[in-house]
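>>> please find the sequence and the predicted model below.
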Amino acid sequence: MGELKVAWSRELPSEPSSVSIIKDAAGRYFVSFVVETTDEPLSECDTEVGIDLGLATFAVLSDGKVIESPRFFRRAERRLRRAQQNLSRKDKGSKNRAKARLEVVRAHARVADARSGWAHTHSTMIVRENQAVFVEDLCVKGVARTRLAKSVHDAGWGMFTRLLEEKAARYGRVLVKVDRWFPSSQLCSACGRVDGSKPLSVREWTCRGCGVVHDRDVNAARNILAAGRAEGRNACGEMVGLPV
């Protein structure tokens with residue numbers, strides 16, 4: 001291949017033992033290095049966070065912080081539709097069809113890269129800022145079989161929680177998944193009363209037991225935090241380092 005011009009984002013941690021060049025379906029080349037490295041745990045902190053994942057808003061944290069949903073696929077949907085229509089008009093086996101197919105693949109690759117980079121950025125931020133992270137154990141495959149399938153796949157919940165798991169293990173943090181059947185949206189985080197199920201259109205509700213007005217997502221995140229802490233405590237009331 002000859003000499004290639006490379007823009008290095010950072011230096012390699014050690015001398016590579018092997019180098020592989022990979023070409024993806026979009027015609028892009030990637031260089032993969034095999035290097036020896038060690039993971040250094042982050043310094044401990046005293047903050048913990050519960051995360052409620054959603055579609056209208058990607059995530060709401062128990063401290064009230066809101067992470068808006070980027071909707072990468074939705075924003076690129078018109079461009080993708082035009083590329084697909086252009087491909088459908090080309091004759092099979094022609095060079096123009098091959099070019100049109102490549103444009104479709106590249107458009108999807110741009111969406112996937114943007115989603116992956118965004119997930120890496122926010123998962124790293126959460127793991128760095130919190131000693132323990134508690135998240136609901138969502139059944140992504142089950143939800144993806146409903147009419148919300150396109151939005152669920154666009155959100156990338158599975159990739160986000162997987163990155164949280166990997167980075168928590170790498171940096172010495174604790175990640176606990178709360179049972180998916182835990183009624184986080186029905187429980188009052190102030191008094192503990194189960195107020196009953198509510199349709200997704202209800203974004204704010206008042207507890208009939210103590211009268212506290214709850215934001216649906218913030219209340220759910222706080223309940224996930226409390227449930228995760230309960231699962232992570234031993235009989236003496238101390239936090240234990242659970243396996244991720």
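Thanks, I have it. Numbering: from 1, shown residues only.
>>> in terms of secondary structure, what does the longest helix seen in the chain contact?
Counting residues, the longest helix found in the chain (DSSP state H) is helix 95-129. If you count contacts as 3 or more C-beta pairs under 8 Å, 6 or more residues apart in numbering; DSSP states H and E, helix 95-129 packs onto strand 48-53, helix 72-88, helix 157-170. Quick note: C-beta positions are derived from backbone N, CA and C, even for glycine.
>>> in that helix, what counts as buried?
97, 100, 103-108, 111, 115, 118-119, 122-123, 126-127, 129 (16 or more other C-beta atoms under 10 Å).
>>> what of stretch 21-33?
Ala26.
>>> quick one: which of the helices and strands packed on helix 95-129 is nearest Lys141?
Lys141 lies closest to helix 157-170 among the helices and strands packed on helix 95-129, at 8.4 Å (C-beta to C-beta).
>>> what angle separates the closest one from strand 48-53?
Put simply, helix 157-170 runs at 160 degrees to strand 48-53, going by axes from the mean of the first three to the mean of the last three C-alpha atoms, to 10 degrees.
>>> quick one: the helix or strand bottoming out on mean pLDDT in the chain to chain centroid distance?
When each helix and strand of the chain is scored by mean pLDDT, DSSP states H and E, helix 140-143 comes last, with a mean of 84. Between the centre of helix 140-143 and the centre of its chain there are 14 Å (C-alpha atoms, centre = their mean, to the nearest Å).
>>> same check on stretch 170-177?
Computed by C-alpha atoms, centre = their mean, the chain-centroid distance of stretch 170-177 equals 15 Å.
>>> state the distance from the most centrally placed residue in the chain to Val152.
By C-alpha atoms, centre = their mean, the chain has its centre lying nearest to Phe160, at 1.9 Å. Going from Phe160 to Val152 by C-beta to C-beta, to the nearest Å gives 12 Å.
>>> which helix or which strand is home to Ser189?
Using DSSP states H and E, Ser189 sits within no helix or strand.
>>> ok, it - contacts?
Under the criterion of C-beta atoms under 8 Å, 6 or more residues apart in numbering, the neighbours of Ser189 are His214, Asn219, Arg222, Asn223, Ala226.
>>> please work out which residues outside the least confident helix or strand of the chain touch it.
Contacts of helix 140-143 (C-beta under 8 Å, 6+ apart): Ala149, Val152, Trp157, Gly158.
>>> which of those residues has the largest number of neighbours?
Trp157 (21 neighbours; other C-beta atoms under 10 Å).
>>> in the least confident helix or strand of the chain, what's buried?
Buried residues in helix 140-143 (16+ other C-beta under 10 Å): Val140, Val143.
>>> got it, and stretch 187-200?
Applying 16+ other C-beta under 10 Å to stretch 187-200 flags Leu187, Cys188, Ser189, Asp195 as buried.
>>> okay, those residues in a markdown table with pLDDT and distance to Trp181 next?
Below are the buried residues of stretch 187-200 laid out as a markdown table (pLDDT from 0 to 100; distance: C-beta to C-beta, whole Å):
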| residue | pLDDT | distance to Trp181 |
| --- | --- | --- |
| Leu187 | 92 | 12 |
| Cys188 | 93 | 18 |
| Ser189 | 92 | 18 |
| Asp195 | 87 | 17 |
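>>> need the max-distance pair from the residues you listed.
Top of the distance list for the buried residues of stretch 187-200 (C-beta to C-beta): Ser189 and Asp195, 10.9 Å.
>>> circling back to that earlier point, of the helices and strands packed on helix 95-129, which is nearest Pro16?
Between the helices and strands packed on helix 95-129, helix 157-170 lies closest to Pro16; by C-beta to C-beta that is 20.1 Å.
>>> what about the helix or strand following the closest one, average pLDDT?
Later in the chain than helix 157-170, the nearest helix or strand by DSSP H and E is strand 174-178. Averaged over strand 174-178, pLDDT sits at 93.
>>> what's strand 174-178 packed up against?
Counting by 3+ C-beta pairs under 8 Å, 6+ apart, strand 174-178 packs on strand 132-136, helix 157-170, helix 216-231.
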